[in-house]
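>>> Provided below for reference: sequence and predicted model.
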Protein chains: 2
Amino acid sequence: MPVFLDTTSADFEAQFSALLGAKREDSPDVDDAVAAIIADVKARGDAAVIELTAKFDRLELTPETLAFTSDEIDAACAAVSREERAALELAAERIRAYHVRQMPENAQWTDPEGATLGWRWTPVSAAGLYVPGGLASYPSSVLMNAIPAQVAGVERLVICAPTPDGKSNPLVLMAARLSGVEKVYRIGGAQAIAAMAHGTETIAPVDKITGPGNAYVAAAKRRVFGKVGIDMIAGPSEILVIADRDNDPDWIAIDLLSQAEHDESAQALLLTDDAEFGRAVAAAVERRLETLERRAIAGASWRDFGAVITVRDLDEAACLSNRVAPEHLELCVADPDALARKITHAGAIFLGQWTPEAIGDYIGGPNHVLPTARSARFSSGLGVHDFIKRTTLAKMTPQALKAIGPAAERLAISESLEAHGLSIRTRLDRLNEDAP
Amino acid sequence: MPVFLDTTSADFEAQFSALLGAKREDSPDVDDAVAAIIADVKARGDAAVIELTAKFDRLELTPETLAFTSDEIDAACAAVSREERAALELAAERIRAYHVRQMPENAQWTDPEGATLGWRWTPVSAAGLYVPGGLASYPSSVLMNAIPAQVAGVERLVICAPTPDGKSNPLVLMAARLSGVEKVYRIGGAQAIAAMAHGTETIAPVDKITGPGNAYVAAAKRRVFGKVGIDMIAGPSEILVIADRDNDPDWIAIDLLSQAEHDESAQALLLTDDAEFGRAVAAAVERRLETLERRAIAGASWRDFGAVITVRDLDEAACLSNRVAPEHLELCVADPDALARKITHAGAIFLGQWTPEAIGDYIGGPNHVLPTARSARFSSGLGVHDFIKRTTLAKMTPQALKAIGPAAERLAISESLEAHGLSIRTRLDRLNEDAP
C-alpha cells in the first residue's frame, strides 16, 4: 500500500517533506569507468568503440558495419505492421505540428539613441540522439528527440542505439527514418557518447547530445558537457494527479499505474479533496495490479513511492503540487483551466479527465522528454530551444556612441579595465576632432 | 608576437586546427575539496559557512552579519560618485529595455481533432547570483545577471559576494540595489554555492544559480547541478575581429586588447583580407602594450593565444569564424549586416567600426555573459530564458481522444507499456458504451 496523508493532520508537514526529500534512485558510481572509456575512444577512435561493443554488447562490428545501411533500414521498415506504421506517422505529424510553433522569432530594432539592437536564432549544426537498447528502446523517444532537432533546422542528425547480441527494434529504425535521421550507429553506452562528442574516423562529432540512458550514459553526458551541449539528465518518471470525486476511480488508478509501470523508482501521487475517493482509487489500483503485465514493477513503485494525499481544497492541492514540481500533472477536476492557472512549476499539464497522461507520451504533440526530480522548478521539457541558440546583435552609429559611450567608459574605468575604456575613448576623440 | 597565418599557405589547415584545439586553461582539480565543503554546509549549515569564511576570506561573521544590512547598502550607495551612479543607472535601464523584449509569449490553440494544445512560461521562484570578489568583482556583471532575472519575474533574488578581509565594492552593492536584489551575503567560494543550493538556517535555498567564479565555484556549480539549475561554466574571454583595410589599425588593436586584458588565457584573433593591414594592427598592438595598465596580462594573452589570419576574402573569414564560434565577434567591414548573415555560430556580434565590443560589456543592452570555448556552437548568452521555464499544456475532448487515442494505444502496446494503453482504452470503451 502507498502512504496515505491528510493535510489536516498535525504531522502532515513533516510527512510531506519526507516524501519530497525521499531519494528514489541509487546511481552506481561509474564515473571512473566512464572516464577511462571516454579517454580510450578519444585516443583510439573506431578501434576502441568496436572493442567496447564486442565486450558489452557481444556484437562484432567493423568500421563499415558501425552504422545500419540504407538497405537494412528499408528491410526493418518493411517489417513494421501497417497499423504501427500509421500510428508512428500520425505521431510524427502531430509532434512536428506542435514543435513548428515553438520556433522563436528573430528581432531587430533601433532605439532612440540610434543603436540598432536585436538577436538571431540559429540551429546547432549537428545533433546526436542516444536511444537505449533492450526493453527501454522506445520508438516514441526517437520521434520526441529527433523531430524538434529537425524542426530547428539541424543539418546532421545521428542516432546511437546499442543492439545487444545484434538485436534491433524495427520501430526505432522506422521512427529514425520518419524524423530525418541521417545515420543510425549500432553502438551504446559511454563509448557511444564519447564517439559522438569527440568523433572517430567513421563517426563525425556532433555539437549537441540528447536522449535518455543508463548510469554509464548519464555519467558520460555529464563528462562531455562543455565540449558539446547536452539535454537534461533524466531521472525516474513521475505523475501527480489532482482529482475531485467526480471521476471514475479506475481511470485515475490506471493513470497512476501508467507511470508506475515505467520503473520501480517511478513515483505516482494522488491529491484529492475527498478522502473516500482517495481510498476508492487506491482500491482500484490494487485491482488493476492483479492482472497488469508489469505488475511487479508498477506494484513496487506504488508501494514504495506512491501516496494518496487528502487536501482541504483544490487551492491547497495546487500549492502542494507546486512544491513537488511534477514531471507530469493531470488535473481531473471540473474546471481544469482555472486550476492550471495556479500551477507555477510542472513539466506538462494534462487538462481534464479525457486527457490521460499517456496521450502525451505518444501523440498529443507536446514533448514527452520532461524535467524530473523536481527540476521543473528551473527547467523545461525538450523542444526546439534545445537545438537552437541565440546570437545577440548590436550596431552603434557615431551618434549612438556619443550618447552612451561615455557611461560605458566610466564603468570600464571603475572596473580598472583600461583597454575597454580606451576602445570607446579613441573613437569618441575622433568624433570630437571631426566636429566643426 | 602572436601567430601569423595565411589561408593560402599549405600548412594552414594544420595550423588553424592547432589554434582551435589549443588548451588555454589548466583548471586545478579541486573536486574533492569542493565535495567536502558542500557536504559540510549541507550538514552544519550556517556554522560551516561561517567557519569556511573565516578560513578562506579572513572574515569573522555571525548569522546576523552574513548579509549586508539595508543601512550598510545605503552607506555604500552614498559612497558612489554621481557620475558612476548615473552610468550604472543608464546601463541598468538599457539592459532592462533589451531583456524585456526577450520575454517569450504563451500559446494555446485548438487543432482540427479538437485537441487544445499549448505552453505557458513561468519564472523560477528564487535565483542566486554569484559575484566574485577581489579584482574580478564587476558591478556590470551584477546588472547582467540580476536584470534578466528581475525581468523574468523571479520573486526572490539574492547575491553571494565574498568580501576578503571584509573589503567590499560599493558599486556592486549599488548595482544590486538597482536590479531588485533582496539580500547580498558576504560569502564566497564553494560554500556560497552550497548554501544557495541546499539552504542554511539563515540562507533560504534558491532554484537557479548563475554567475562566474574561480575553479572552486565552477566545480561547486557542476556538483549542485540537478538539485538547482545553473548557467554555463564560463571560460576565459575571447574576441574575433573581422576587419578590412578601411579601418584604423589602432582601433582594431585596442579592441583586441580589450579582451586580452581580462586574463592571460583570453584569446584575441584578427581575420583580415589584407596582410599589410594585419601587420599594421599587430604593430599598433605592440605600441599600445607599451603603456597599457594591464600590459602584463594583455601582453601574455596576445603573445600566447593571439593570431592574425590573412584570408582570401570575407566569405572565407565568415567560414573560419564559424569554426571558432567566438564569444565576441566584431565585423569591421563595409557591409557588416551582409557579413553577419553568413555567421552561424557566435555569442554576440558587434556590427561596424563604431561598435567596439566594450560597448556591449556595459551599456549596449544585450547581455555580456556569453558562451566561451567554442560553446556558441550549441549555447546562448544569458537572458530571460535562463530564469523561466515552459510547461506544456494538452486538453483532449472525447472526440479528440477518439480520433487520436487508438494510435497512442497501438504505440503503447508496441512498447510493452500495457497500463499506458489501458489508460486510453478504458476511456475509449466508455465512449463506445455511451454511443447510441
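Noted; the coordinates are in hand.

>>> count the neighbours of the closest residue to residue A:196 other than its chain neighbours for me.
Leaving aside its sequence neighbours, residue A:196 sits nearest to residue A:128 (Cβ to Cβ, 6 or more residues apart in numbering or on different chains; 3.7 Å). Just so you know, the C-beta spots here come from the backbone N, C-alpha and C atoms, and that holds for glycine as well. Burial of residue A:128 is recorded as 29 neighbouring residues (other Cβ atoms under 10 Å in any protein chain shown).

>>> hang on, residue A:128 in a strand?
Yes: according to DSSP: H, G, I helix; E, B strand; the rest coil, residue A:128 belongs to a strand.

>>> bridging residues for it?
With DSSP bridges applied, residue A:128 shows beta-bridge pairing to residue A:158, residue A:209.

>>> distance of it from residue B:84?
48 Å (Cβ to Cβ, to the nearest Å).

>>> just to revisit the earlier point, pLDDT at the residue nearest to residue A:196, what is it?
The per-residue pLDDT reported for residue A:128 equals 98.

>>> break down the stretch 51-200 of chain A into its helices, ranges please.
Remark: helices assigned in the stretch 51-200 of chain A by DSSP state H, counting those that start in this stretch are A:70-78, A:82-100, A:139-152, A:170-178, A:189-198.

>>> could you dump those into JSON lines and include mean neighbour count and mean pLDDT?
Shown next, in JSON lines, are the helices of the stretch 51-200 of chain A (neighbours: other Cβ atoms under 10 Å in any protein chain shown; pLDDT from 0 to 100):
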{"stretch": "helix A:70-78", "mean neighbour count": "14", "mean pLDDT": "96"}
{"stretch": "helix A:82-100", "mean neighbour count": "19", "mean pLDDT": "98"}
{"stretch": "helix A:139-152", "mean neighbour count": "27", "mean pLDDT": "97"}
{"stretch": "helix A:170-178", "mean neighbour count": "24", "mean pLDDT": "96"}
{"stretch": "helix A:189-198", "mean neighbour count": "28", "mean pLDDT": "98"}
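
>>> which one of these lies closest to residue B:324?
Ranking those by proximity to residue B:324 (Cβ to Cβ) places helix A:189-198 first, at 18.4 Å.

>>> which strands and helices lie in contact with the closest one?
Contact partners of helix A:189-198 among helices and strands, from 3 or more Cβ pairs under 8 Å, 6 or more residues apart in numbering or on different chains; DSSP states H and E: helix A:31-44, helix A:46-57, strand A:126-130, strand A:156-160, strand A:208-210, helix A:215-224.

>>> contacts for it?
A:30, A:33-34, A:37-38, A:40-42, A:45, A:48-49, A:52-53, A:56-57, A:128, A:130, A:158, A:160, A:162, A:185, A:187, A:203, A:205-206, A:209, A:213-214, A:216-217, A:219-221, A:224, A:227-228 (Cβ atoms under 8 Å, 6 or more residues apart in numbering or on different chains).

>>> ok, 6 Å please
A:34, A:37-38, A:41-42, A:49, A:52, A:56, A:128, A:160, A:203, A:205-206, A:209, A:216, A:220-221, A:224, A:227-228 (Cβ atoms under 6 Å, 6 or more residues apart in numbering or on different chains).

>>> kindly report the same for stretch A:256-274.
The contact list for stretch A:256-274 (Cβ under 6 Å, 6+ apart) reads A:24-25, A:236-245, A:278, A:281, A:288, A:294, A:297-298, A:300-302, A:305-309, A:311, A:313, A:317, A:358, B:419-420, B:423.

>>> how close does the closest residue to chain B within the stretch 201-350 of chain A sit to residue B:379?
Of all residues in the stretch 201-350 of chain A, residue A:229 sits closest to chain B, at 3.4 Å by Cβ to the nearest Cβ. To residue B:379, residue A:229 is 6 Å away according to Cβ to Cβ.
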